[in-house]
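[1] what's the 3D shape of this:
(one chain, ligands or ions: 1)
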Amino acid sequence: MTPTTSRLLLSMIFLCAQVSAYLVLFNILYMSTPWDEFQTHIYTGVALHPVGLILWPLIWVRAVRWTSLRIVATLAWTAGSLLLAGAVFVGWIILAAVTGWMDEDYASAICVPLAMILWPLGTVFIWQDRLGDRAARSRAAQREGVKCPGCGYALSDIRSTTCPECGRTFTVRELVVGGEQSTVEREDK
Ligand SMILES: [Zn+2]
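    Take a look at the predicted model:
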């Protein structure tokens, strides 16, 4: 499995687990405390959102090119996503007061999970590679030169495609294009 595949699987598990944890914790708190629905949604979010704020970046930290702009944007979005969900909540409350349709219990049931899902959603756009990132990655790869897909030994000055370190032989295509991917494919066969 490539690191990207495992990150995608972890992300799926994370998002499902977040929903499950929310439902379980909400029910436990609602049954065992004197809090009403509104309070229970707020406290469930307060308890779980910080966990997501730690776990989600942990999954992706090594895949993202952390420029200072990207770090600032991520921190700003951490606050911005809360403000956005808060604005939806306030709008909802005003609408509910005017129309008498769906009270603040519904608003909290929607807006607390909304805040928790908006944050990872926004990071997808903040963390994705732009053209400049791709160029920087390719410059870094060129500086590092050709490496053995099997053991990572630097092969740049070698006159054959057999790695002197681990003894494995690769085609030129595997060395130049393949990298990590070709190792995985070979192991799969
Ligand atoms: Zn090697």
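[2] how about the residues of this protein that lie near the ion?
    The chain comes close to the ion at residues C148, G150, C151, Y153, C163, E165, C166, as judged by CB under 5 Å from the ion. Backbone N, C-alpha and C define where each C-beta goes, glycine included.
[3] Of those residues, which belong to strands?
    Nothing among the residues of the chain next to the ion maps onto strands, per DSSP state E.
[4] Would you write a ChimeraX line that selects the buried entries of the residues you listed?
    Selection of buried members from the residues of the chain next to the ion for ChimeraX, criterion 16 or more other CB atoms under 10 Å:
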select :148,150,163
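[5] got a markdown table for the residues of the chain next to the ion, with pLDDT too?
    Putting these into a markdown table (pLDDT from 0 to 100) gives the following:
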| residue | pLDDT |
| --- | --- |
| C148 | 84 |
| G150 | 83 |
| C151 | 84 |
| Y153 | 84 |
| C163 | 88 |
| E165 | 87 |
| C166 | 89 |
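[6] what ranges of this protein fall below the confidence cut-off?
    178-189 (pLDDT under 70).
[7] so what are the domain limits for it?
    For the chain, the structural domains run 3-130, 145-188, going by automatic domain parsing.
[8] could I get those domains as JSON lines with distance to A136?
    As requested, those are exported to JSON lines (distance: least, CB to CB, whole Å):
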{"stretch": "domain 3-130", "distance to A136": "7"}
{"stretch": "domain 145-188", "distance to A136": "17"}
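[9] Before I go, just wanted to say thanks for your time.
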